[in-house]
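Undergrad: show me the folded form of this:
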Amino acid sequence: MDYKITRDELKRRQAMPLKDKIDMSAEKIESWYDHWNGKVHVAFSGGKDSTVLLHLVRSIFPEIPGMFADTGLEFPEIRNFAKDTPNVTLVKPRIGFRQVIEKYGYPVISKDQSRYIHEYRRSKSEKHKNVLLNGNKWGYGKINKKWLFLLDAPFLISHKCCDMLKKYPAHKYEKENGSKPMLGTMTEESFMRRETYLKYGCNAYDFVRPTSTPLSFWTEEDIWSYLREFNVPYSPIYDIGYNRTGCMFCMFGVHREKYPNRFQRMQITHPKLWNYCINNLDERKILDYINVPYEN
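TA: All right, here's what the predicted structure looks like:
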């Protein structure tokens, strides 16, 4: 176990040659497999990162299953790729995206900011509201001043989408199968993933939900190098200009994207889905409210 990794050690690992990274990740996968007596699976999103993870895992343990959260929000190219991948189980949520946004609210800005706004609007505790406005004693956990105007937005805002559509079905699969997940996430993707890795390493045995992230110290460049070197098939979504393959209708982070952002690109590549998102799901009003363009 490699608990409490330093930032310098993480940088050293990120700078290693791909071959050394493959070897180190293989060791983490084998340790995870042995610890849980083979009752493990790959949380397969259909994206390039989890595609690499599934290929690497099955190069060691060919029988390892994959689990795909079929939320109804994935690009058709992603869903079809997942369906065509052998030994991958598709799990579905109990409710759909429309029900989530009607009951809880739209995913806007980021998961943390949406959660803070959602909690502020529903909280009856002035103390909790004060923390959400000013932060805890370290200055964290607050609504960014830039987004305070969203407290008065004429629509619901929430972080619940991922929980309802992905996490709950995944947890149900894990409970029913007694299986522990391996995820293809990397530290370079977010502050939270980096801090979690520094504290627990690749294999977080002590989590409430034990989780393995064997590619944590890889980079996006490593992912593409692996796909090319081993000639691994991947979803065609990347060949039509998409770098991000998350849920189609999610608005997390779209305000930071340059032209064409995900919705402007979707209008060209998937016009019917774009129309459903912008008009039927009424995301037009949210994007207008936060001043994000969605048309070409």
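
Undergrad: so, low pLDDT: which residues of this protein?
TA: Within the chain, the stretches with pLDDT under 70 are 1-3.

Undergrad: so which residues of it form helices?
TA: 7-14, 18-35, 48-60, 76-84, 97-103, 111-122, 126-134, 160-162, 168-177, 191-200, 220-229, 262-269, 271-275, 283-289 (DSSP state H).

Undergrad: turn those helices into a markdown table, including mean neighbour count and distance to Val208.
TA: In this view, the C-beta of every residue, glycine as well, is placed from N, C-alpha and C. What follows is these, written out as a markdown table (neighbours: other C-beta atoms under 10 Å; distance: least, C-beta to C-beta, whole Å):
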| stretch | mean neighbour count | distance to Val208 |
| --- | --- | --- |
| helix 7-14 | 13 | 24 |
| helix 18-35 | 17 | 16 |
| helix 48-60 | 21 | 22 |
| helix 76-84 | 18 | 27 |
| helix 97-103 | 17 | 23 |
| helix 111-122 | 19 | 18 |
| helix 126-134 | 13 | 23 |
| helix 160-162 | 21 | 17 |
| helix 168-177 | 16 | 11 |
| helix 191-200 | 15 | 12 |
| helix 220-229 | 16 | 28 |
| helix 262-269 | 18 | 32 |
| helix 271-275 | 14 | 36 |
| helix 283-289 | 17 | 33 |
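
Undergrad: among these, which comes closest to Met251?
TA: Taking C-beta to C-beta, helix 283-289 is the member of the helices of the chain nearest to Met251, at 6.4 Å.

Undergrad: ok, and what's touching the closest one?
TA: Residues outside helix 283-289 that contact it (C-beta atoms under 8 Å, 6 or more residues apart in numbering) are 106, 108, 150, 153-155, 249, 251, 254, 263, 277-278, 293-294.

Undergrad: restricted to strands, list the residues you listed.
TA: Per DSSP state E, strands hold the following members of the contacts of helix 283-289: 108, 251.

Undergrad: of the contacts of helix 283-289, which is the most crowded?
TA: Val108 (29 neighbours; other C-beta atoms under 10 Å).

Undergrad: check contacts around that one.
TA: Per C-beta under 8 Å, 6+ apart, neighbours of Val108: 114, 117, 150, 157, 251-252, 286, 290.

Undergrad: thinking again about what came up before, which one of the contacts of helix 283-289 is nearest to Glu220?
TA: Of all those, Glu220 sits closest to Val254, with 19.4 Å by C-beta to C-beta.

Undergrad: thought that closest one was touching Arg265?
TA: No. Val254 is beyond contact range of Arg265, at 11.0 Å (criterion: C-beta atoms under 8 Å).

Undergrad: report the beta-bridge partners for Ile157.
TA: Tyr106 (DSSP bridges).

Undergrad: burial count for it?
TA: Neighbours of Ile157 using other C-beta under 10 Å come to 25.

Undergrad: ok, it - contacts?
TA: Ile157 neighbours (C-beta under 8 Å, 6+ apart): 105-106, 108, 114, 117-118, 121, 150.

Undergrad: let me have the residues you listed in JSON lines, extended by distance to Arg79.
TA: Shown next, in JSON lines, are the contacts of Ile157 (distance: C-beta to C-beta, whole Å):
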{"residue": "Gly105", "distance to Arg79": "25"}
{"residue": "Tyr106", "distance to Arg79": "22"}
{"residue": "Val108", "distance to Arg79": "24"}
{"residue": "Ser114", "distance to Arg79": "25"}
{"residue": "Ile117", "distance to Arg79": "30"}
{"residue": "His118", "distance to Arg79": "28"}
{"residue": "Arg121", "distance to Arg79": "33"}
{"residue": "Leu150", "distance to Arg79": "31"}
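
Undergrad: just these now: which is nearest Met164?
TA: Looking across the contacts of Ile157 and measuring by C-beta to C-beta, the closest to Met164 is Gly105, at 11.5 Å.

Undergrad: what is the burial count for that closest one?
TA: 21.

Undergrad: spatially central residue for the chain, please.
TA: Among the residues of the chain, the one closest to the centroid is Gly246, at 6.9 Å (C-alpha atoms, centre = their mean).

Undergrad: look up how far Lys166 lies from it.
TA: Look at Gly246 and Lys166: by C-beta to C-beta, to the nearest Å, they are 10 Å apart.

Undergrad: one more: Arg98?
TA: Per C-beta to C-beta, Arg98 is found 16 Å from Lys166.
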